[in-house]
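Visitor: When you get a sec, could you give me coordinates for this:
(chains A, B, C and D)
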Protein chains: 2
Amino acid sequence: MVEDIVRRWGYLTLGSRMRRIGDLLQGEVQQLLDERHIPVQTSHYTLLASLDANGPLLIGDLAETLGVSQPGITRSVAQLSKVGLVTVRQGKNDQRQRVVTLTARGQRLMDSGREDFWPKIENCLAAIMAGQSGPLLEQLDFLEDAIRAQSFSQRIAKSNREGGSG
Amino acid sequence: MVEDIVRRWGYLTLGSRMRRIGDLLQGEVQQLLDERHIPVQTSHYTLLASLDANGPLLIGDLAETLGVSQPGITRSVAQLSKVGLVTVRQGKNDQRQRVVTLTARGQRLMDSGREDFWPKIENCLAAIMAGQSGPLLEQLDFLEDAIRAQSFSQRIAKSNREGGSG
DNA sequence: CATTGTTATATAACGTGTTAAATAATAATG
DNA sequence: CATTATTATTTAACACGTTATATAACAATG
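Guide: Got it, this is the predicted structure:
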């Protein structure tokens, strides 16, 4: 049996470790989006949510808000525009600028997300991590195990059966 | 001023958050590798380290150990083989298998890493995170701020000046 | 022993991030 | 006002992960 190097080596491989857990988490969220037939990639969802929170933004502002590079935003916006969730128009005073705005459909998506989808994820992770307060590496072990043990989808279904509203 | 959505939204965006910090960390390690003229990508380094720890491994074993997909390993091994850090030979009994082995040069790289490079990273992160034991999100805030405040390279240079051996 | 299934690896196609260089609008300067 | 620098965005090339599928060797079965 071969051991999981990335995990055992602690800080030395923390970078790989965090990316790996990040991927896992994004996968879980993607599954939830797919189940709800929300036609969006997890990464794009964050972009839409930023527009929902801040109103129309420039490409550069989005890059700054989301902490990714500008070319990444250009590509995401192009895809979201193609599926009709955002529109892009030129800046009024400065014609270099591109202003990205939620369409009515995009806005509806965010409205329902705010009410239903977002709290579910928030609760799910809050429940997993409740009471955890120790060294980072231990909390990461715990989180990774928990995600692999039961999907968010299952957790949410279970909490619906038990609690109703939570 | 636009706020950092990924950070403020806590658990909802934890996936993006962890990937982002993972990328940051890998970038820091990459910088250290570059400074030492170690001609390897951070991600490849883990693969080499696994071979160092476990001895020769099959492609599939590497995938399992490192927690990445098998095609990813195939590609990494091809690149490492091209730069002469590993060799690949066919399995003796089972000709489908490919056995990946460190070359002498690869082994030397790992030997020096074990003595010099790895402890530096370990110490660097241990120093940053020393005493941190609270909710995951707070520790992530702390870690991200710390990395952005001072590079690993600077931290290590500083600790060399002060402590000598640490 | 030809056929069929399984296993180990490779290849292809894609997603999504990056940096570097190109483009085009604006601002600044002689 | 022509020229040069700066800024906002796009395009291109690459890194590296994924999943789905192809290939080729091995194992099992009639």
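Visitor: Strands of chain A, start to end?
Guide: For chain A, strands defined by DSSP state E occupy the ranges A:57-58, A:86-90, A:98-102.
Visitor: A:L143 touches A:I128, doesn't it?
Guide: Yes. Between A:L143 and A:I128 there is a contact at 6.7 Å, judged by Cβ atoms under 8 Å. All C-beta spots, glycine's among them, are computed from the backbone N, C-alpha and C.
Visitor: tell me which parts of chain A are close to DNA strand C?
Guide: For chain A, the residues found near DNA strand C under the criterion Cβ under 7 Å from any atom of the strand are A:41-44, A:67-72, A:75-76, A:79, A:93-96.
Visitor: Would you point out the helix or strand in chain A whose mean pLDDT is lowest?
Guide: helix A:5-8 (a mean of 61; mean pLDDT, DSSP states H and E).
Visitor: Write out the residues of chain A neighbouring DNA strand D.
Guide: A:16, A:23, A:58-61, A:70-71, A:73-75, A:77-78, A:88, A:91, A:94, A:96-98.
Visitor: Please go through these and note which also touch chain B.
Guide: Contacts with chain B within the residues of chain A next to DNA strand D, counted by Cβ under 8 Å from any Cβ of the partner chain: A:16, A:23, A:61.
Visitor: Just the pLDDT at the second one, thanks.
Guide: A:D23 is assigned a predicted lDDT (pLDDT) of 82.
Visitor: Give me the distance between the most centrally placed residue in chain A and DNA strand D.
Guide: The centre of chain A sits closest to A:T42, judged by Cα atoms, centre = their mean, with a distance of 5.0 Å. According to Cβ to the nearest atom of the strand, to the nearest Å, A:T42 and DNA strand D sit 13 Å apart.
Visitor: ok, that residue touching B:G15?
Guide: Yes. Counting by Cβ under 8 Å, B:G15 is a contact partner of A:T42 at 6.7 Å.
Visitor: now the lengthiest helix in chain A against helix B:14-35, angle please.
Guide: In chain A, taking DSSP state H as the definition, the longest helix is helix A:14-35. Counting by axes from the mean of the first three to the mean of the last three Cα atoms, to 10 degrees, helix A:14-35 lies at 150 degrees to helix B:14-35.
Visitor: roughly how far is helix A:14-35 from the heart of the chain?
Guide: Computed by Cα atoms, centre = their mean, to the nearest Å, the separation of helix A:14-35 from the middle of its chain amounts to 9 Å.
Visitor: buried residues in it?
Guide: In terms of neighbour count (16 or more other Cβ atoms under 10 Å in any protein chain shown), helix A:14-35 has its buried residues at A:14-26, A:28-30, A:32-33.
Visitor: Spatially nearest residue to A:V77, not counting backbone neighbours?
Guide: Take A:V77 and drop its neighbours on the chain: the residue closest to it by Cβ to Cβ, 6 or more residues apart in numbering or on different chains is A:V100, 5.5 Å away.
Visitor: surely the one you found meets A:S76?
Guide: No. Counting by Cβ under 8 Å, A:S76 is not a contact partner of A:V100; they are 9.6 Å apart.
Visitor: got the phi/psi numbers for A:P39?
Guide: Backbone torsions of A:P39, given as degrees, to the nearest 10, read phi -80, psi 60.
Visitor: Mind pulling the model confidence for A:V40?
Guide: Note for A:V40: predicted pLDDT of 86.
Visitor: how far away is the nearest residue to it once chain neighbours are set aside from DNA strand C?
Guide: Nearest residue to A:V40, sequence neighbours excluded (Cβ to Cβ, 6+ apart): A:L33, at 6.1 Å. Distance of A:L33 to DNA strand C, computed by Cβ to the nearest atom of the strand: 10 Å.
Visitor: how about A:R89, what does it touch?
Guide: By Cβ atoms under 8 Å, 6 or more residues apart in numbering or on different chains, A:R89 lies in contact with A:98-99, A:101.
Visitor: Same list (the residues you listed) but as CSV, adding neighbour count and pLDDT.
Guide: Formatted as CSV, the contacts of A:R89 follow (neighbours: other Cβ atoms under 10 Å in any protein chain shown; pLDDT from 0 to 100):
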residue, neighbour count, pLDDT
A:R98, 17, 95
A:V99, 16, 96
A:T101, 14, 97
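Visitor: Closest one to DNA strand D out of those residues, please.
Guide: When the contacts of A:R89 are compared for distance to DNA strand D (Cβ to the nearest atom of the strand), A:R98 wins out at 4.2 Å.
Visitor: Thank you, goodbye.
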